[in-house]
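In: next comes the sequence, and after it the predicted model I'd like to discuss.
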Amino acid sequence: MNDLVNLSENQSSSEPVNGRFYIKTFGCQMNVADSERMASLLAEQGLEPTEEAKDADVVIINGCTVREKAVHKALSTLGQLREIKNRKKKSPPIIGIGGCVGQLDKATLFKKAPGLDFVFGTDTIDNLPEIIHRVKNGEKHVVYADFDTSMDYSTETKVFGHKAQAFVNIMKGCDKYCTYCIVPYTRGKEKSRTIDEVVDDIARLVATGVREVTLLGQNVNSFGKGNSNQKNRQPMELHNVIGKVGPRAGEENFPQLLRAIDSDPRCEALRRIRFTSSHPLDFSDELIECYAPASQGGVSRLSPYLHLPVQSGSNQVLQKMGRHHKIEGYFAQMDRLREICPDVGLSTDLIVGFPTETEEDFQETLRLLDRVQFDNIYAFAYSPRPGTRAAKLPDDVSAKVKNERLNHLLKYQLEIAEKLYKTRVGKVMEILVEGEAKNQKMASTSSIVGRVWTGKTPCHRVVNFISDSPRSLVGQFVQVKITEATGLSLQGELITGDLQ
Ligand code: SAM
Ligand code: SF4
Ligand code: F3S
């Protein structure tokens with residue numbers, strides 16, 4: 001509940017606050033984007049970022065609750081923060097928790113984490129300046145964790161600092177209710193921004209130097225449901241090979257959004273559009289057609305990359321997971337996409353050890369990897385989440401078997417990826433540089449004296465290369481010739497770039 005009271009004039013949330021802030025983020029890209037928003041709001045309030053929790057006056061945990069382990073991580077971080085608070089008796093930091101953990105567990109967190117000052121949810125991030133003021137003014141245990149109950153979703157993206165890459169929330173919530181998943185309970189009902197608003201937002205970001213946007217939502221394929229078609233936009237009936245019909249004529253939809261961004265003259269300087277995440281059920285033929293070459297009607301800036309979570313290769317498991325499609329439909333979607341865009345990079349999410357998963361079901365998941373040839377997988381051992389439908393099923397695959405299956409799956413995929421990545425050796429690829437590589441080992445064996453940089457190809461593969469440039473390459477597009485490949489990344493030689 002929001003225990004909102006009107007702020008008195010001398011408590012105005014627009015009053016500047018001195019000091020430093022630190023945010024620790026757990027979870028998915030949605031949380032990463034939310035943390036960036038929090039950082040912008042705190043900086044607007046006058047706080048400065050710091051790299052270390054021990055130096056901060058305001059510490060925020062942006063927590064994830066998708067698996068039990070993630071919740072434990074957030075709570076144990078709160079335990080460490082309490083020790084810091086105890087040590088800094090003269091000027092103790094204020095400590096808050098937000099994200100999906102804050103949303104789900106609300107006021108109960110104060111019992112679990114003594115030393116905690118405030119809790120906020122996924123829909124109350126913009127209240128952060130107000131919350132900080134209230135805590136600074138001596139209020140205890142402040143909670144802002146109501147869902148926004150309005151029908152519309154309108155927001156403006158906030159980017160912290162000058163960046164070439166930006167996450168843009170285009171929708172929020174999830175209405176799919178897969179039986180194992182807590183997200184619909186932490187992110188609320190599905191709501192979309194309008195196409196006009198998203199395009200204006202991206203145009204503004206492009207004007208500040210953003211060159212790659214990642215459109216975010218739990219299910220971007222169902223973007224636009226409930227939004228009536230805006231002026232001059234062709235109604236589009238969406239079909240998909242799974243046999244279901246997606247969003248209907250008369251409402252906005254995701255392919256329309258991609259085309260609207262791509263054709264807006266204000267977005268001319270944008271180089272890459274990405275999106276995540278998708279559900280096979282709404283992954284329409286019209287969206288697949290967006291991956292065609294621009295000369296054949298495709299969306300020219302759409303990156304040749306798709307993350308399409310499938311979760312399991314077994315139909316009996318998919319059915320128990322409430323995914324509402326069969327594996328054959330997924331294969332048909334992947335085949336069609338590869339036909340239209342042969343160089344597309346593919347990734348997926350998989351869960352092993354879901355209740356009743358047999359060895360044969362697991363073998364079907366391995367066969368799925370052989371069949372689709374993903375560049376990358378994100379695999380997890382099933383973790384029962386209280387309140388979900390699957391939590392009522394017996395968690396009958398032992399922890400030992402779950403771990404064995406997970407390790408086997410990851411090893412199996414690594415071999416596939418290594419073979420796939422090796423086919424790239426010798427090719428020249430465009431890389432958007434994201435930063436200096438954590439591992440600088442490559443520099444010690446190279447004839448070039450310089451730093452190792454890391455970035456991604458249009459198909460989302462990680463590439464490391466060395467440059468002797470004394471300047472930062474972050475945000476630059478460079479051409480790199482691939483020289484080596486492992487199952488996790490590519491290495492290359494810098495050829496040219498936007499280097500100024
Ligand atoms: N909306 C996206 C989708 O449909 O794939 C992302 C959902 S969730 C944030 C990311 C991934 O976590 C899921 O795709 C699933 O593989 C995994 N996951 C969700 N609930 C889980 C659970 N109870 N146990 C293990 N993994 C889980
Ligand atoms: Fe969770 Fe399923 Fe929604 Fe993805 S689509 S967030 S897995 S309920
Ligand atoms: Fe975790 Fe919430 Fe994302 S539960 S995975 S942070 S939507």
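Out: Nice, thanks for sending it over. Ligands and ions are numbered 1, 2, ... in the order given.
In: what stretches of this protein score poorly on pLDDT?
Out: 1-14, 230-232, 244-247, 443, 497-500 (pLDDT under 70).
In: now do the buried residues in the longest helix seen in it.
Out: Longest helix in the chain by number of residues (criterion: DSSP state H): helix 399-422. Buried residues in helix 399-422, counting neighbours by 16 or more other C-beta atoms under 10 Å, are found at 401-402, 405-406, 409, 412-413, 416-417, 420-421. For every residue, glycine as well, the C-beta is placed using N, CA and C.
In: contact residues of the stretch 101-250 of the chain facing ligand 3?
Out: 182-183, 186-187 (C-beta under 6 Å from any ligand atom).
In: can you add secondary structure and neighbour count and give those residues back as a markdown table?
Out: Below are these laid out as a markdown table (DSSP: H, G, I helix; E, B strand; the rest coil; neighbours: other C-beta atoms under 10 Å):
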| residue | secondary structure | neighbour count |
| --- | --- | --- |
| I182 | coil | 23 |
| V183 | helix | 23 |
| T186 | helix | 26 |
| R187 | helix | 20 |
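In: hey, where'd the strands end up in the stretch 251-400 of the chain?
Out: Assigned by DSSP state E, counting those that start in this stretch, the stretch 251-400 of the chain shows strands spanning 272-276, 305-307, 345-352, 376-381.
In: burial-wise, tell me which of these comes out on top.
Out: strand 305-307 (a mean of 23; mean count of other C-beta atoms under 10 Å).
In: quick check: the gap between C290 and I340.
Out: Distance of C290 to I340, computed by C-beta to C-beta, to the nearest Å: 9 Å.
In: quick one on the thing from earlier: of the strands of the stretch 251-400 of the chain, which approaches V66 most closely?
Out: strand 376-381 (8.3 Å; C-beta to C-beta).
In: on that earlier part again, what angle sits between the longest helix of the chain and strand 376-381?
Out: 180 degrees (axes from the mean of the first three to the mean of the last three C-alpha atoms, to 10 degrees).
In: next, see if helix 399-422 gets close to ligand 1.
Out: No - counting by C-beta under 6 Å from any ligand atom, ligand 1 is not contacted by helix 399-422; separation bottoms out at 9.6 Å.
In: so that helix versus strand 345-352, what angle?
Out: Using the same axes, to 10 degrees: helix 399-422 against strand 345-352 is 170 degrees.
In: residues in contact with helix 399-422?
Out: For helix 399-422, contacts defined as C-beta atoms under 8 Å, 6 or more residues apart in numbering pick out 350, 352-353, 357, 362, 365-366, 369-370, 373-377, 379-382, 397, 461, 485-490.
In: who's in contact with V198?
Out: 168, 170, 215, 257, 260-261.
In: hmm, who's touching stretch 423-440?
Out: Counting by C-beta under 8 Å, 6+ apart, 164-165, 211-212, 271-272, 451-458, 461, 463-465, 473-485, 490, 492, 495 sit against stretch 423-440.
In: try stretch 233-248
Out: Contacts of stretch 233-248 (C-beta under 8 Å, 6+ apart): 195, 221-222, 224-225, 229, 249-250, 252-256, 260, 280-287, 324-326, 329-330, 332-333, 336.
In: that's all I had, so thanks and see you.
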